[in-house]
Structure formats: C-alpha cells, structure tokens
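[1] Here's my sequence, what's the structure:
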Amino acid sequence: MAGRLGKAAKGGWRLVGHSLSGRLLLLTLLYVLVTEVLIFVPTLARYHTSLLQNHIETAELAILPFTEPGGNQLSAALRRQLLTRAGAAAVMLRRADQRELFLVDEMPTKIDATIDLTHESLFGEMVQALDCAFSHGDRILHVISATRIKGAQTVEVIVGEAPIRKALIRYARRIVLLGLLLSFASAFLVFISLYLVFVRPMGNLTRAMTSFHENPEDPARIVQPSSRLDEIGIAERELAGMQRDIYGFLQQKARLAALGTAVAKIQHDLRNILSSAQLASDRLASVDDPVAQRVVPRLVSSLDHAVALATNTLRYGRADETPPERRRLYLAPLIGEAAEAALESVASISFDNRVDPALTADADPEQLYRIVLNILRNAREALGERGTVTVDATRDGAAVCIEIADNGPGIPQKVRERLFQPFAGTARPGGSGLGLAIARDLARAHGGDIELIASDASGTRFRITIPNHEG
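    Numbering: from 1, shown residues only. Predicted structure coming up:
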C-alpha cells in the first residue's frame with residue numbers, strides 16, 4: 001500500500017514538475033505565498049503595536065481620576081482595582097518637574113524588555129512583534145508612550161506579556177488562515193487565467209507539431225491558426241505556413257522520386273536506341289559524300305552527349321552526380337560546340353562567341369559543356385525564331401567568369417523567384433524546369449555558382465563562375 005502511494009506521489013510530482021501548467025501552478029502558489037508573508041509581518045507588527053497602545057490607553061483611563069483635583073482623596077482600593085482591570089502592574093506619569101507612580105501592590109523587581117513607542121519605526125515594530133510571537137510570554141514589559149493627559153509628557157506602563165502574546169497569536173492564526181485562503185483563491189484565479197490565455201494555446205501548438213511530425217504528408221494535420229493578434233496568434237500562423245511549405249516540399253520530393261523511377265525504367269531502352277543510332281553514324285562515317293563527312297562528326301558528338309545526358313538525368317534523380325574530373329581546357333571551342341548543339345536548329349538566331357581563344361578554365365569538360373548548353377538552350381527558347389546570343393569570358397583572379405546574354409523579352413518576375421528550383425523555374429509551356437537546376441548543381445560542384453545578373457525587356461544575362469581547383 002505504501003509503495004503504491006509512493007509511486008502515485010512520485011508520478012504526480014513528475015506530472016506537475018515537468019508540465020508547463022504544473023510549473024505555472026507551483027510558481028503561482030509560491031509567489032502568492034511570498035506576497036502574503038510580506039504583507040503578514042507588517043500587519044502583525046501593527047496589531048502588536050495597537051495592543052500595546054490599548055494597554056496604554058486603558059492605563060491612562062485608570063489613573064485619570066487620580067490626576068484630577070481631589071484625586072488624592074480616592075481610596076487605595078479603588079486605585080488598585082482600576083489598575084488591575086487595566087492589566088498594569090504599575091503606571092508612571094512623567095511631567096516636566098515630577099513623576100507620579102501608581103502601583104497595584106509593589107514594583108516588579110525585574111524588567112525584561114523596554115518598548116518605546118514614541119520613537120518606534122516600522123522595522124522596529126516588526127522586530128518587537130516577532131520577538132513577542134516567539135517568546136514564552138512570561139516577560140515583564142516596560143512600555144513608554146506619549147500621553148494625552150494634560151500637563152504630562154509621557155506615560156509608562158509595567159505590564160505582563162502573557163495576555164499580549166495570547167491575543168497576538170490568536171490574531172496571527174486568523175491572519176494565516178485568511179492569507180492561505182486568499183493565496184489559494186488568488187493562485188487558482190491567476191492559474192486559470194494564464195492557463196486559458198497562454199498554456200492551453202501553447203499545448204495546442206505542441207500537439208499540432210507532434211501530430212504533424214508523425215505524418216507530415218497528411219494535409220489534415222496542418223494546424224488551423226486562430227484569429228488572435230498577439231504573439232501566440234503570430235506563432236500559430238507561422239507554424240501553419242511552415243507546415244504548408246514542408247507539405248509542399250514533400251509533395252515535390254515525391255514527384256521527383258516518381259520522375260527518378262520513370263527515368264530508371266526508360267533508361268535502358270533509351271540507351272539501346274542511342275546505341276543503334278551510334279552504329280548508324282559509324283556506317284555514315286564510311287560514306288565518301290562530302291556532306292556526310294561534314295555532318296557525321298557533329299552527329300556522333302551529339303549522340304555521345306545524348307547518352308551522357310540520359311545517364312546523368314538518372315543520377316540527378318538519385319542525387320549521386322559524379323564529382324567533376326577537372327583538367328585545363330580552352331573555353332572558346334567548348335562554348336562553340338555547345339552553341340552548335342543548342343542553336344543549330346534555328347538559323348535565324350545569331351551567335352557571337354567573344355571568348356579569347358587562349359583563355360583556359362580548370363573544369364570538368366563534360367559538366368562545363370552541360371552547364372553552358374543548358375543556359376544556351378534557355379536563351380534559344382526565350383528568343384523564339386529570331387535574336388542574338390552573346391558569350392563573354394574573363395579571368396577574375398583564380399576564377400573564370402562566363403557571361404551569356406540574349407536580347408529576348410526577359411524572364412517574368414514570378415519565374416525569377418524560383419528560377420533555379422527543379423520543375424518550378426520555367427515559363428515555357430511543357431518545360432521541365434530542370435535545366436538551370438542541373439546547371440547550378442554542376443557549377444556548385446566546381447566550387448562556383450550561376451547567377452542571374454539582369455533580366456528586363458532588353459534581354460537576359462547569366463554569369464557562370466568556375467574557380468580553379470585548390471588541390
């Protein structure tokens with residue numbers, strides 16, 4: 001039985017100590033109790049002072065008849081009776097030129113403590129009250145106070161502490177009970193308010209995050225934000241937006257995975273088709289026709305690039321692109337070859353290769369060819385049937401910068417925002433949006449990048465940066 005109670009108590013403490021609402025309840029109780037203590041001690045001090053003042057006033061009333069003319073004629077028995085009802089063993093009235101002493105029987109032989117109410121501060125009152133509360137109540141007090149008796153300066157009372165302490169303890173108990181009641185009531189109200197305003201909404205947010213984490217592909221688990229305008233409302237709306245973005249990314253990832261699966265299925269057949277085309281081109285190479293001799297090398301090169309592109313498309317879907325095999329190469333011929341492949345089908349588009357024939361780059365020839373080819377194809381699609389494409393290249397320290405420009409209509413603003421995202425950065429109907437994404441990945445694999453420098457009604461300009469290999 002005791003073991004079960006211990007486990008239950010331990011479980012309850014763990015629930016309270018490790019939950020936000022439990023900690024809030026404990027802290028609220030603690031702070032309210034501390035506030036009650038801070039109020040309790042001064043209140044007790046003031047009550048203790050009022051008890052002493054009551055004894056002073058009662059003693060003044062007891063000796064007042066004896067201070068008036070003819071008071072000496074009153075009997076000693078009456079004096080003793082009045083002082084006894086006042087609870088005083090002796091009363092002394094101090095005047096400017098004399099002191100008057102009024103005794104019940106005889107002066108006490110020992111005074112345990114003197115309390116001067118004429119110069120008492122709040123701190124002193126608190127010390128005196130606590131001293132009285134924690135004493136045994138058997139002390140004899142000497143209390144000094146100002147008086148309202150005409151012609152007198154102060155009145156001093158010798159009184160036992162027992163009745164004062166008894167009344168003080170009784171008052172303290174009432175105050176403690178009332179304070180505890182108010183503390184728990186205040187703590188409950190504060191806790192309920194904070195729970196409804198803060199803790200419960202935060203709990204809803206936490207459960208929404210946990211639920212979404214369990215299955216982020218379920219759109220029903222996206223949190224529904226409230227109309228609150230405070231920080232919690234902002235957090236709800238931001239969380240909902242983030243969850244919607246994550247859901248969209250996962251959907252896009254699923255589509256990419258599906259694309260990779262589809263490419264994997266057709267890759268084998270595509271490679272066989274291209275291999276057959278390569279065999280046919282090899283036979284064409286043996287024909288003595290001058291036109292065939294001029295076209296066949298270009299056809300062979302295009303087929304080789306087509307085979308490489310089919311394989312690399314599959315690698316892109318699997319995110320295992322081969323690291324670049326870098327070597328020194330001349331840029332001008334590579335750019336000219338990529339331009340022939342990209343622009344040969346549109347004779348009305350003029351191409352201006354301004355690259356210095358002596359300029360070299362440290363790059364993977366196949367991957368750099370793909371980078372330039374993808375951008376040139378985008379330029380051809382943007383120009384349509386007529387226009388101009390210009391390529392410049394310069395060396396900037398340890399890097400080569402290649403700029404490809406066209407005089408097309410420019411890229412729409414909504415496309416620029418996601419220009420390098422797969423399946424998103426295309427404005428052409430039927431376009432996949434993979435070209436620039438693949439090109440940027442290849443450039444970054446070299447330690448460089450691709451940037452959109454400008455795009456407006458006068459045309460579009462891209463810059464490719466390929467730094468030298470540091471190894």
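[2] Need the pLDDT of the residue most central in space within the chain.
    The structure's the chain has its C-alpha centroid closest to Ala235; by CA atoms, centre = their mean the separation is 9.4 Å. Note for Ala235: predicted pLDDT of 81.
[3] go on, Arg354?
    On pLDDT, Arg354 comes in at 94.
[4] so where's the stretch 301-450 of the chain shaky on pLDDT?
    301-321, 345, 422-434 (pLDDT under 70).
[5] which residues in the stretch 151-300 of the chain form strands?
    For the stretch 151-300 of the chain, applying DSSP state E, counting those that start in this stretch gives strands covering 152-160.
[6] all helices in it, in order from the N-terminus.
    Secondary structure of the stretch 151-300 of the chain, counting by DSSP state H, counting those that start in this stretch: helices at 162-194, 200-214, 231-284, 290-318.
[7] rank those by pLDDT, which is bottom?
    Among the helices of the stretch 151-300 of the chain, helix 290-318 has the lowest mean pLDDT, at a mean of 63.
[8] After that one, which helix or strand is next?
    Using DSSP states H and E, the next helix or strand after helix 290-318 towards the C-terminus is strand 327-330.
[9] and the end-to-end length of stretch 115-125?
    Stretch 115-125 has an end-to-end distance of 9 Å (CA to CA, to the nearest Å).
[10] Relative to Pro225, how far out is the residue nearest to the centre of the chain?
    Separation of Ala235 from Pro225 (CB to CB, to the nearest Å): 9 Å. Yep, even glycine has a C-beta here, placed from its N, CA and C like the rest.
[11] What of Ser183?
    Distance, Ser183 to Pro225, using CB to CB: 37 Å.
[12] residues near the residue nearest to Glu325 when sequence neighbours are not counted, how many?
    Sequence neighbours aside, Asp364 is the residue nearest to Glu325 in space, at 5.1 Å (criterion: CB to CB, 6 or more residues apart in numbering). By other CB atoms under 10 Å, 21 other residues sit near Asp364.
[13] what do you get for the one 4 residues further on?
    The number of residues packed near Leu368 is 27, by other CB under 10 Å.
[14] Could you verify my assumption that it touches Ile450?
    No: using CB atoms under 8 Å, Leu368 is not in contact with Ile450, being 11.7 Å away.
[15] For the nearest residue to Val41 once chain neighbours are set aside, which residues are in contact?
    Nearest residue to Val41 in three dimensions, chain neighbours excluded: Met126, at 5.3 Å (CB to CB, 6+ apart). By CB atoms under 8 Å, 6 or more residues apart in numbering, the contact list for Met126 reads 41-42, 44-45.
[16] can I get the residues you listed in TSV with pLDDT?
    Putting those into TSV (pLDDT from 0 to 100) gives the following:
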residue	pLDDT
Val41	85
Pro42	88
Leu44	87
Ala45	88
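[17] between the host helix or strand of the residue nearest to Val41 and helix 162-194, how many degrees?
    Assigned by DSSP H and E, Met126 belongs to helix 122-133. On the basis of axes from the mean of the first three to the mean of the last three CA atoms, to 10 degrees, helix 122-133 is oriented at 110 degrees to helix 162-194.
[18] Name the residues of helix 122-133 that are buried.
    Under the neighbour-count criterion of 16 or more other CB atoms under 10 Å, helix 122-133 has 125-126, 128-129, 132 buried.
[19] Other residues contacting the helix or strand that it is followed by?
    Next along the chain after helix 122-133, taking DSSP H and E as the criterion, comes strand 140-146. Outside of strand 140-146, the residues within contact range by CB under 8 Å, 6+ apart are 52-53, 55-56, 89, 108, 110-118, 153-161, 164.
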